[in-house]
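Undergrad: The sequence isn't on hand, but the structure is:
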């Protein structure tokens, strides 16, 4: 019977490893879903700011990461100003031509910490388009910051 003692330890090590992979997999999947929800909400908030803040205000891109998602940078955010037909107006459009604002988050990855596996989730592109509102101008025509 003493010769079987090592077999039990090997069986436990194998089954415990599988259990830990499953446990960490569930936890990391939840973290990934939370990250995607945070980016989706951040994109919505940034689009709202883009509709009311001056063109290319730095507060717009900063609003996407309001929850502090790790590994996220402003290079993942694109702010586009569109005309009435949905065509891009370029980097510095005239205020009178802007009909819509579009904020997109692209190219973000979430590295998962699962023992023995270490996969990476690739975030889908998040895009929100809203009608342009004041674009930082008050009712007196004075530009205001966000």
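TA: Yep, it's here. Computed from a prediction, not measured in an experiment: that's the story for all the values here.

Undergrad: check contacts around residue 84.
TA: Residues near residue 84 by C-beta atoms under 8 Å, 6 or more residues apart in numbering: 99-100. C-beta here means a position set from N, CA and C on the backbone, and glycine is covered the same way.

Undergrad: and it, that's in a strand?
TA: No - counting by DSSP: H, G, I helix; E, B strand; the rest coil, residue 84 is located in no strand; its state is coil.

Undergrad: measure residue 136 to residue 85 for me?
TA: 23 Å (C-beta to C-beta, to the nearest Å).

Undergrad: Tell me which of the two has more neighbours.
TA: residue 136 (16 against 7; other C-beta atoms under 10 Å).

Undergrad: Please determine how far the more buried one is located from residue 128.
TA: Taking C-beta to C-beta, one finds residue 136 at 19 Å from residue 128.

Undergrad: The residue nearest to residue 75 when sequence neighbours are not counted: what secondary structure?
TA: Counting by C-beta to C-beta, 6 or more residues apart in numbering, residue 75 lies nearest to residue 107, which is 7.8 Å off, once chain neighbours are set aside. Counting by three-state DSSP, the backbone at residue 107 sits in coil.
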